[in-house]
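Trainee: Dropping a prediction and its sequence here:
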Amino acid sequence: MGGTLDEVDWSSFGTSLQGLNVGGCNLRSTIPTELGLLEVVTHLWLDSNNLVGTIPSELGQLTNLKVLNITFGEALEGTVPQEVCDLQTLHGLQELEIDCSVECNCCTNTCP
């Protein structure tokens, strides 16, 4: 596939997109803050790409999210925002897997 996540008008999906899997699509991009607009999304797989930058706190707005996977091949940095960690305790996020290059005290995967 290739490309970036920034090329998509995420607001056009409104409340219709329930799952997004762009894992392994060879994307070179930051994670857009606009992904936080996907009100009803329950599964978000961004794994196995070339994502750079930090994880935006706006992902914490995805209160229906059950699975968030941003692992393998990422060049992310920083820490997982508290707003994203709060999805586990406040909204029932069941699987939070983040690349080991990002500090995460609330992730379900284990980093060495």
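Mentor: In hand now; what should we look at?
Trainee: what about the nearest residue to G92 once chain neighbours are set aside, neighbour count?
Mentor: Spatially, and ignoring its direct neighbours in sequence, G92 is nearest to K66 (6.8 Å; CB to CB, 6 or more residues apart in numbering). From N, CA and C alone the C-beta is placed, and that goes for glycine too. When neighbours are counted by other CB atoms under 10 Å, K66 registers 17.
Trainee: for this protein, what are the low-confidence residue spans?
Mentor: Residue ranges of the chain with pLDDT under 70: 1, 112.
Trainee: Spit out the contact partners of the residue nearest to G92.
Mentor: 42-43, 92-95 (CB atoms under 8 Å, 6 or more residues apart in numbering).
Trainee: Am I right that L68 sits in a strand?
Mentor: Yes: per DSSP: H, G, I helix; E, B strand; the rest coil, L68 lies within a strand segment.
Trainee: S48 versus C25, what's the distance?
Mentor: C25 sits at a distance of 8 Å from S48 (criterion: CB to CB, to the nearest Å).
Trainee: Also T42?
Mentor: 20 Å.
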